[in-house]
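Visitor: Here you go, sequence then predicted model.
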Amino acid sequence: MATTIDRPVTEPEPEPEQGRQGDRPFRPSPLGWLARAVLALALAWLVFVFPLSQEGFEVQRFTTAVIYGIIGLSLNVLLGYVGQISLGHQAFVGIGAFTSAYMVSVQNQPFWVAVAAAAAVGGLQALVLGGASLRITGLYFALVTLSYGLVAEQNIFQVEELTGGGQGQAAPKPAGFETDWRYYYLCLAFLALVLWVDWRLMRSKGGRALLALQENPRVAATFGVNVRMLTLFAFVVSGVFAGLGGALLAHNDTFVSPEVWSFNLALVFVIMTVVGGLRNRAGVVIGSAFFALLPYLIDQIGFIEDAVAAIPAPRELTAELAPLVLGPLLLILTLVRAPGGIGQQIRPIQRWLGGHRFDLHDHGPKEVKVADVRA
Amino acid sequence: MPDVLRDRAGVALGAGALALIAVVLIATGEKESLVIGVISGAAYGLLALGLVLIYKSSGVFNFAQGEFGTIAVYVLYLLHFEVPYGLALLGALVAAVVFGLLLERLVIRPLYDSSRVILLVATAGVALLAISVEIWFGDAQGKTIDRAFPTLDRFSILGVQVSDQRLLLLGVLATLAVVLALFFNRTNLGLAVIGASQEPTATELVGISVRRLSTFTWALAALLGGLAGVIAVPDSGGFTPGILTSAFLIPAFTAAVLGGMTSLPGAFLGGVIVGVIQAVATSAPLFDFIPGSAGTLVVFVVLVGVLAIRPQGLLGRAA
């Protein structure tokens, strides 16, 4: 059992590495810079240009992938920064979706007001649920959110005025962003905003305190960190992100129906975040997008489809079901073998792009074990 | 306060609440929900028992507990066309235990040193894997299984007809209560499990392998989950993939929390209380104003209420 596994953590930038000749830091050659620029451009093309070459329906899938990135970051705040897990995140996202659709379709409010309302409702839910379950250990938050998810599914989404009964609620795309690709860029902008907020928060005093808290709540409390307030604050941030993601999802599909927000979806959200790599923004976004695009990848890429069809099973594994089967397998593999997830695997490439030497074994600074202090 | 006194206070609180509900229900003519509630509560209690066992031994909330039952139900469904019902039941329970052992061996043990939340994520992932494989190999349609005892109207309690299958459920629960109480208080193995849950280091020091006990606990919990599935599901009419996770797991967790999360008798008591409350909420006209299924909302309120007012539950130790 004593296999050592690199557990990456968010740490300050490592000190500049030593070049081969004495103390001069490493600088890539012009050719090296060119190679890095080519890769950066290729990535930019993949994100900004490639989705537009697709059919309208496929662009929506890419938009979903971007929004899943926001949802993944929302869970990352809980799971990565606070060490709490929500098994009812589909409810937070779903209520955000319905709030926004309701504001636009029933209250005739503009899109921006509706999105703000969805984010506010998301934050409020997280505050109430977190406040109720924080009295005891963190495991209970998972339980309360799981139960809340079912309540959302069976009670809240049955409120006819909010969800339009069984038929669902219409959620038209906002003025100025009616076409699929314009809406895609809008969601990219929102993702950038969420990434920026997340980055700034984690660099603030509160963010550093959160990381200390995650490492060891008792020690953090000894240093004057207000554990309860900070945890609640992180819950609210997570809820706001989730509500925002839900609203964007609603207007992407232009329609919200009550059936899609199931327990399975909540687990897909958790899985994509963990597989992406906790506490690693790039990893989380890539992991989330990967799970959102998995049905598309299976449909589009021939050999994946063949491989899936070759699995001996009484029935064919459909593209919709594949994430539900593959996800848990990837999750367990990630937890047991590579807790850093995708973020840990891509770190050498990230560092190389940033003008460092390519080091395949660079898995980030090692986590300091504080288990001994734990009472 | 000595353990016995504290336990008595909790038992008195729980039994008192239950008796009050029972009196009110009989007085208002809601006898049916009382009987149905006790019976479905017995199934919740079975599942909650497994949750408590695993929480005591591994310190983790096992979100795959419901799937032990669903797997057993699927195996029972597949087998009962081929072989006699009793044999199919046996096969179903074996399948549940094998699933529990595999889960312990492949997932829980490698994560022995991880944080509790990571373990929790892993069990939830296993639950999703089981559900999606059920959808994949079967289909999302509902199926029905015959009852082990098809007679429906032999007995009646408080004027409510109770099928033989439901009597079986109550009987199994009562028998298990006695057997488990004896097991944990009288046998070496049972005492070792309790010891390992309270003081793992001391248990290791007297020469007991805590890891082997953990394997045993997971197998026992899987057996209890499987029992809950194969007895309760054929009686309820039909099943879909993940039935025990979607319909039984949350009430069972609520029951375990209500019972104190570490108390085995508490899990039984909590199961019955949650079952009755849920049955009343589902049938009483008082709750008609709630959109959708009132039972779900009421169970949620009970869970949050217990956590807010008495987090140590009825019979648990103060957290």
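Guide: Structure received.

Visitor: Spell out which residues of the stretch 101-250 of chain A are next to chain B.
Guide: Taking C-beta under 8 Å from any C-beta of the partner chain as the contact definition, the stretch 101-250 of chain A meets chain B at A:132-133, A:135-140, A:142-144, A:146-148, A:150-151, A:154-160. From N, CA and C alone the C-beta is placed, and that goes for glycine too.

Visitor: are any of these buried, and which?
Guide: In those, burial by neighbour count holds for A:132-133, A:138-140, A:142-144, A:146-148, A:150-151, A:154-159, counting by 16 or more other C-beta atoms under 10 Å in any protein chain shown.

Visitor: Excluding covalently adjacent residues, which one is nearest to the residue in the stretch 101-250 of chain A that chain B sits nearest to?
Guide: Among the residues of the stretch 101-250 of chain A, A:Gln158 lies nearest to chain B; the distance is 3.5 Å by C-beta to the nearest C-beta. Leaving out its chain neighbours, the residue that sits closest to A:Gln158 by C-beta to C-beta, 6 or more residues apart in numbering or on different chains is B:Gly292, at 3.5 Å.

Visitor: okay, that neighbour: pLDDT?
Guide: Per-residue confidence (pLDDT) for B:Gly292: 73.

Visitor: Is it in a helix, a strand, or coil?
Guide: Per DSSP: H, G, I helix; E, B strand; the rest coil, the secondary structure class of B:Gly292 is coil.

Visitor: So it versus A:Ala97, what's the distance?
Guide: 18 Å (C-beta to C-beta, to the nearest Å).

Visitor: Look at these two and report which has more neighbours.
Guide: A count of neighbours by other C-beta atoms under 10 Å in any protein chain shown puts A:Ala97 above the other of B:Gly292 and A:Ala97, at 30 against 17.

Visitor: if we can go back for a sec, just checking, which of the residues of the stretch 101-250 of chain A next to chain B belong to strands?
Guide: Residues of those located in strands (DSSP state E): none.

Visitor: ok now do A:Leu124, which residues does it touch?
Guide: Shown in contact with A:Leu124 (C-beta atoms under 8 Å, 6 or more residues apart in numbering or on different chains): A:Gly239.

Visitor: which SSE is it in?
Guide: Remark: A:Leu124 resides in helix A:111-133, with elements defined by DSSP states H and E.

Visitor: close enough to count as contact, B:Ile135 and B:Pro241?
Guide: Yes: counting by C-beta atoms under 8 Å, B:Ile135 does reach B:Pro241; the two are 4.6 Å apart.

Visitor: Low-confidence regions, the stretch 151-300 of chain B specifically.
Guide: Counting by pLDDT under 70, the ranges of the stretch 151-300 of chain B that qualify are B:151-153, B:158-159.

Visitor: got the residues of it near chain A?
Guide: By C-beta under 8 Å from any C-beta, the residues of the stretch 151-300 of chain B that approach chain A are B:242, B:245-246, B:249-250, B:253-254, B:257, B:290-294, B:296-297, B:299-300.

Visitor: neighbour count winner among B:Ile135 and B:Pro241?
Guide: Neighbours around B:Ile135 and B:Pro241, counted as other C-beta under 10 Å, are more numerous at B:Pro241. The numbers are 24 against 21.

Visitor: Enumerate every residue touching the more buried one.
Guide: For B:Pro241, the contact set (C-beta under 8 Å, 6+ apart) comprises B:70, B:131-132, B:134-135, B:138, B:140.

Visitor: what does B:Ala256 give?
Guide: Neighbour list for B:Ala256: B:48, B:51-52, B:55, B:266-267, B:270 [criterion: C-beta under 8 Å, 6+ apart].

Visitor: Quick check: nearest residue in space to it, chain neighbours excluded?
Guide: Beyond its immediate neighbours in the sequence, the residue positioned closest to B:Ala256 (C-beta to C-beta, 6+ apart) is B:Ala48, lying 4.2 Å away.

Visitor: tell me the SS of the one you found?
Guide: Of the three states, B:Ala48 takes helix according to three-state DSSP.

Visitor: quick one: contacts for it?
Guide: With contacts defined as C-beta under 8 Å, 6+ apart, B:Ala48 is in contact with B:252-253, B:255-256, B:259, B:267-268, B:270-271.

Visitor: Tell me the secondary structure at the most centrally placed residue in chain A.
Guide: Ranked by distance to the mean C-alpha position of chain A (C-alpha atoms, centre = their mean), the top residue is A:Gly72 at 1.1 Å. Remark: A:Gly72 carries the secondary structure label helix [criterion: three-state DSSP].

Visitor: B:Leu93 and chain A, how far apart?
Guide: Note on B:Leu93: its distance to chain A, by C-beta to the nearest C-beta, to the nearest Å, is 23 Å.

Visitor: what's the nearest residue to that residue if we skip its chain neighbours?
Guide: Excluding its sequence neighbours, the residue lying closest to B:Leu93 (C-beta to C-beta, 6+ apart) is B:Gly226, at 4.8 Å.

Visitor: Mind telling me what element that neighbour is part of?
Guide: When secondary structure is defined by DSSP H and E, B:Gly226 falls within helix B:210-236.

Visitor: Now that helix: buried residues?
Guide: By neighbour count, and taking 16+ other C-beta under 10 Å as the criterion, the buried residues in helix B:210-236 are B:210, B:213-235.

Visitor: Can you list the helices and strands that that helix packs against?
Guide: Helices and strands touching helix B:210-236, as assessed by 3 or more C-beta pairs under 8 Å, 6 or more residues apart in numbering or on different chains; DSSP states H and E, comprise helix B:31-58, helix B:65-79, helix B:85-103, helix B:164-186, helix B:188-198, helix B:200-205, helix B:243-247.
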